[in-house]
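Undergrad: Pasting the sequence and the predicted coordinates here, then a few questions.
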Number of protein chains: 4
Amino acid sequence: MIIVMKRGTGQPDIDNAVAHVEALGLKPVVIQGTERTVIAAVGEERVAGIGSLESCPGVDEVLPILAPYKLASRELKPESSVITAGSLSVGKGTIGVIAGPCSVETEEQILACAHAVKAAGASALRGGAFKPRTSPYSFQGLKEVGLKLLAEAREQTGLAIVTEVVSPDDVDLVSKYADVLQIGARNMQNYRLLEAVGKSHRAALLKRGPSATIDEFLLAAEYILDGGNQNVMLCERGIRTFESHTRFTLPLATVPYVQQRTHLPIVVDPSHGTGHTALVTSMAKAAIAAGADGLIVEIHPNPDKALSDGYQSLNFAQFETMMKECRRIAEAVDRTLGVGV
Amino acid sequence: MIIVMKRGTGQPDIDNAVAHVEALGLKPVVIQGTERTVIAAVGEERVAGIGSLESCPGVDEVLPILAPYKLASRELKPESSVITAGSLSVGKGTIGVIAGPCSVETEEQILACAHAVKAAGASALRGGAFKPRTSPYSFQGLKEVGLKLLAEAREQTGLAIVTEVVSPDDVDLVSKYADVLQIGARNMQNYRLLEAVGKSHRAALLKRGPSATIDEFLLAAEYILDGGNQNVMLCERGIRTFESHTRFTLPLATVPYVQQRTHLPIVVDPSHGTGHTALVTSMAKAAIAAGADGLIVEIHPNPDKALSDGYQSLNFAQFETMMKECRRIAEAVDRTLGVGV
Amino acid sequence: MIIVMKRGTGQPDIDNAVAHVEALGLKPVVIQGTERTVIAAVGEERVAGIGSLESCPGVDEVLPILAPYKLASRELKPESSVITAGSLSVGKGTIGVIAGPCSVETEEQILACAHAVKAAGASALRGGAFKPRTSPYSFQGLKEVGLKLLAEAREQTGLAIVTEVVSPDDVDLVSKYADVLQIGARNMQNYRLLEAVGKSHRAALLKRGPSATIDEFLLAAEYILDGGNQNVMLCERGIRTFESHTRFTLPLATVPYVQQRTHLPIVVDPSHGTGHTALVTSMAKAAIAAGADGLIVEIHPNPDKALSDGYQSLNFAQFETMMKECRRIAEAVDRTLGVGV
Amino acid sequence: MIIVMKRGTGQPDIDNAVAHVEALGLKPVVIQGTERTVIAAVGEERVAGIGSLESCPGVDEVLPILAPYKLASRELKPESSVITAGSLSVGKGTIGVIAGPCSVETEEQILACAHAVKAAGASALRGGAFKPRTSPYSFQGLKEVGLKLLAEAREQTGLAIVTEVVSPDDVDLVSKYADVLQIGARNMQNYRLLEAVGKSHRAALLKRGPSATIDEFLLAAEYILDGGNQNVMLCERGIRTFESHTRFTLPLATVPYVQQRTHLPIVVDPSHGTGHTALVTSMAKAAIAAGADGLIVEIHPNPDKALSDGYQSLNFAQFETMMKECRRIAEAVDRTLGVGV
């Protein structure tokens, strides 16, 4: 950590800041600059109370040097992690593809989706049973009935099930039916939920919050890892910016950046990341070219009749085309897409 | 709702979109423009399945006309709401001031804060017992012990207690000790929590998520109102933007905008909204001049020793000055600040 | 254009708004909704004075329906444009690659770059002679001396020259030496410059401003097209968001979106779009997979000695690798990269 | 400057980075951390080539310590600057108020505005003669005819004239008529224009670009100061964020932040900063409470007939009310608003 003092700060304030650094268990190194004094604080800076240093008289700024996360860091575990859950494998040579409707609506709908996912050579079925919806007047999901339909789809197709969990109280119930627990963007900093998933034996798919920095995103993963669950997949699904022709902005540079900093695999969601059917396939291909370890995509038998997210869902023919085009990109980066056909 | 068709769309696609509008229970009005056809859909547009219209062939865009919230709307309730909870009154002539430390740390600390709040003529004491922290390695709060210390502070000073609740399971426990349940920015879209608070008899202070649009913010309030709890205060605490000299960007235009659209009072948090002690007082004054119905401010006996948020906390002398300066602004807008001294 | 009236607006205000619509030469269609009245204004809405409608009493919002640009629109010219300038071809089957240093520094440096560009099979050489620099204390470019060095590089290699013009007064001078006039992101709304380039016979590469919406971007192109210059290439180079691990955020969904709306080719700049050498190649590949018509990339013989932008420049070996990897992606989308080797 | 090395970097890379620091004329201090090595570079870090350090092998990050601007800094000139131009005074005890229409449209319109400005006790008249407009199809201003009308308005009222200059070629012409040269947000980084204004003897009002960081903003001011013109007023007019209920987001914390860092006065534009008439007065009051040294506001005799910006203009009655309410806030912060009535 680097503590930058204000210009013209006197010795007593410097001595006081030095004492604070020592009280935090860090070793201070004072550097006299031409315009300002700077104090380097050597040691483990991920401790409570660091923020208080900025309140010491004469301190202008405190710049952290170490990444705030540890277990997620590639410095700790240099080799890339591969996460496997039933038919789904994500990481290294294999690009996992998770597809399905936003919400489980009916048995017919979810089974049709499952067979389309299977036929296209994708890896796992997604579908929401517990839905966090912006408006209380929107469809809220089928809850356990939906989970049972997902389990039935798995039985028929062998596909792993990825579904969202929105409350710590539901982790056990959802774990009974699902292979992967999805933590939605709006719950990325729902720490009770992260802790509950950390204690679960199911793999987790953690979506980035739309205003989360990468450090905050990886610290959310750290909660799950710290709880004992090492099977964490990250998911970039877009951030909120001033762009209004897309619902969110999909910052694909997250993919190589995160891969350089952590060992966790990173999945990309081009459906939420664009918010428009017409943009999904292009961004799915771009994600793979950028090095993504997986895709999660919304599909629906009839997007114009979907109870949620129809505007960003692919129909089955569009999904099949997407898979074919993505497979060509995957080959061009020497990787395999999904489970093959 | 306005459905904009793509240029050159043929009659069958227009007919199909019209049929969809009718199937949603809305009345279509087709307008033939010089370049494009537009369909106005008349009726209650806050229904499930609206989004699917964008997937109809030939549809370019769907523009909503009605605000998505109802109970929060000033159209429904023209008169401004005043929320009262113990010593705290927020709205109309009175600007409520809630102050206290980020976290309850010790009995001595919270009591010192409570007396400083009281002495400065502020309305209520804040203090976190359950803390949602970005890093699992940060101080996580004293939990029920903290709540008991807050209750003791109320007993000594008569101040209402505002404290955060982070999980639906804790609503009953926190309600035992607190006068106002705070829902933090990171939980603004934790719908289970909103539903639980909606069933509570305690007033709620709902903080805006840093990437939430105003519509999303008001829909979150709508969850609480829809649950039966009418005592909702909104709180603007800053949004995430590219600005890096402040931790968040405090968009004070939220204050008049929200007051024009809803009847709910709006509180401003200049501590999180700036992230730097040196900017808090200026923004507190600006908030009052903009018409804010309340302030929530972080204070600490020794900000440079605080376990959390020291960098944005005022010490007691700074807080007293802030209150004096804010009182002059309040008088200049014909309102009363806090409970008076 | 759709004019949304406030709830409960009386007939006189509606009549007044209708009269305003007619005064603008548009045909009003009044739609009585269940909660609000809406007026559709049929006709050419790209006229002066539209904004004033929002000031009419009772008007809540004015929603435009038509895109504000015309000449750039694919509705006007359905076929994709291909821009050719010397050795550079951008659009349809060919993905143009423009590479070179941020600034022309010395004869040796620019010639070395030119030969590396040529050897890797890229299409054109870039290099800044007139540099718009954030700080007055930074290197400001070699000006005409730099242009002459670029011309020499073209003579030796046959590569087309792409270089920035920062002032309308310089358009003639730069046109003497360059094949393509680059308009930098900071000048995207320098309308005098756009007008001057509109009158030039050189092709233009227009970079998107970091806070420009797509509509503003295409309206800037419209200035050049409207001036008579049809050879306009768009360039996405990243927008400003809260992300801080990249210098800008590269929103690749711009590529398919712009291709659906306009006939102009779109080039991607992964150097400025990320701001870090280690992220450039991944994003170059992603851009091609997303469908980009061209790339513009910064390279330098010794990035650690560059006078500007060293942190985001590739060295020659890295550039060669990038070209090889990008060529594989180009093949996977059935296109040709650069001029071949 | 602090150079953070990657974990596990070997001695040769550290030695190389140290040599680079020395080659830049800075003194390196190597600090061996527990996880990483850090090099502090002591000396004047505002030199060309700094960026290249990030390209040295083993370097992870380079963190600047010193502010990149000098002449604008309060460290150089501790006392606040007051800028005076004719009837306009901005800074210290006096809050200057500049008001007028977006564009000069007719003699009648601009004279009516001038008299309204004068009557309300404001300090100066604004009005655009050269208009930078997003669309080539919008009204582009009256040019020199408009300047003459402004000069006539000054003759009649004694008010100083503030008007925009959009090209270096126009600086002399505009200086003949205007007291203050306004540099618009879109031209904040038009360095040729900044240099030309730097050589002018007229005061400058520099608007912040909607995606400019504060450092970039102050570096743009530095161009003018460095050119020899010390009469620079900064103007915050809103930044681009995801907020869509306002046209821009007005970050008022800029006011105290800039005042702490520089000696230049800061003016706030609540018209562009909100984009809606109904929000202007609240934000004008908030700006003054936050400590702003001036206001610049759009007014029009008939906003619903304005050729530009009608949606954010006040009519004369609204402006008079704004001035009265702002005067009360000014008194509450012990300052004088405008020239008095």
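TA: Perfect, I can see it now. Numbering: from 1, shown residues only, chains lettered A, B, ... in the order given.
Undergrad: tell me which element the residue of the stretch 1-150 of chain A found nearest chain C is part of?
TA: In the stretch 1-150 of chain A, the residue that lies nearest chain C is A:Ala67 (10.7 Å; Cβ to the nearest Cβ). (Each C-beta comes from the backbone N, C-alpha and C, glycine too.) Assigned by DSSP states H and E, A:Ala67 belongs to no helix or strand.
Undergrad: Contacts only, for it.
TA: Contacts of A:Ala67 were listed using Cβ atoms under 8 Å, 6 or more residues apart in numbering or on different chains, and they are A:73, A:75, A:215, A:218, A:261.
Undergrad: C:Val38: which of those is nearest?
TA: Of all the contacts of A:Ala67, A:Asp215 has the smallest distance to C:Val38: 45.5 Å, by Cβ to Cβ.
Undergrad: Next one: the closest one, what pLDDT does it get?
TA: On pLDDT, A:Asp215 comes in at 95.
Undergrad: Now do the contacts for it.
TA: Shown in contact with A:Asp215 (Cβ under 8 Å, 6+ apart): A:67-69.
Undergrad: wait, which of the residues you listed is closest to B:Lys176?
TA: Closest to B:Lys176, out of all of those and judged by Cβ to Cβ, is A:Pro68, at 34.6 Å.
Undergrad: List the contacts of A:Ala41.
TA: Contacts of A:Ala41 were listed using Cβ under 8 Å, 6+ apart, and they are A:1-3, A:21, A:24, A:26-29.
Undergrad: just to revisit the earlier point, including pLDDT and distance to C:Val174, could the contacts of A:Asp215 go into JSON lines?
TA: Formatted as JSON lines, the contacts of A:Asp215 follow (pLDDT from 0 to 100; distance: Cβ to Cβ, whole Å):
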{"residue": "A:Ala67", "pLDDT": "87", "distance to C:Val174": "45"}
{"residue": "A:Pro68", "pLDDT": "89", "distance to C:Val174": "47"}
{"residue": "A:Tyr69", "pLDDT": "92", "distance to C:Val174": "48"}
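Undergrad: Next to chain D, which bits of chain A? Give me the list.
TA: Applying Cβ under 8 Å from any Cβ of the partner chain, one finds that chain A approaches chain D through A:2, A:4, A:7-8, A:29, A:31-36, A:38, A:40, A:42-44, A:63, A:65-66, A:75, A:240-242, A:244.
Undergrad: Kindly supply the PyMOL command isolating those of these that are buried.
TA: Of the residues of chain A next to chain D, the buried ones can be selected in PyMOL as follows, counting by 16 or more other Cβ atoms under 10 Å in any protein chain shown:
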select buried, chain A and resi 2+4+7+29+31+33+36+38+40+42+43+63+65+66+75+240+241+242
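Undergrad: From the residues of chain A next to chain D, which land in strands?
TA: Using DSSP state E, A:2, A:4, A:29, A:31-32, A:38, A:40, A:42, A:63 are the members of the residues of chain A next to chain D that sit in strands.
Undergrad: Over in the stretch 51-200 of chain A, which residue gets nearest chain D? Let me know.
TA: Counting by Cβ to the nearest Cβ, the stretch 51-200 of chain A gets nearest chain D through A:Glu75, at 5.0 Å.
Undergrad: Can you tell me how far that residue is from C:Arg261?
TA: Per Cβ to Cβ, to the nearest Å, A:Glu75 is found 44 Å from C:Arg261.
Undergrad: Excluding sequence neighbours, find me the nearest residue to A:Val258.
TA: In space, and not counting its chain neighbours, A:Val258 is closest to A:Ile266: 5.0 Å by Cβ to Cβ, 6 or more residues apart in numbering or on different chains.
Undergrad: Count the neighbours of the one you found for me.
TA: Neighbours of A:Ile266 under the rule other Cβ atoms under 10 Å in any protein chain shown: 24.
Undergrad: pLDDT value on it, please?
TA: pLDDT, read off for A:Ile266, is 98.
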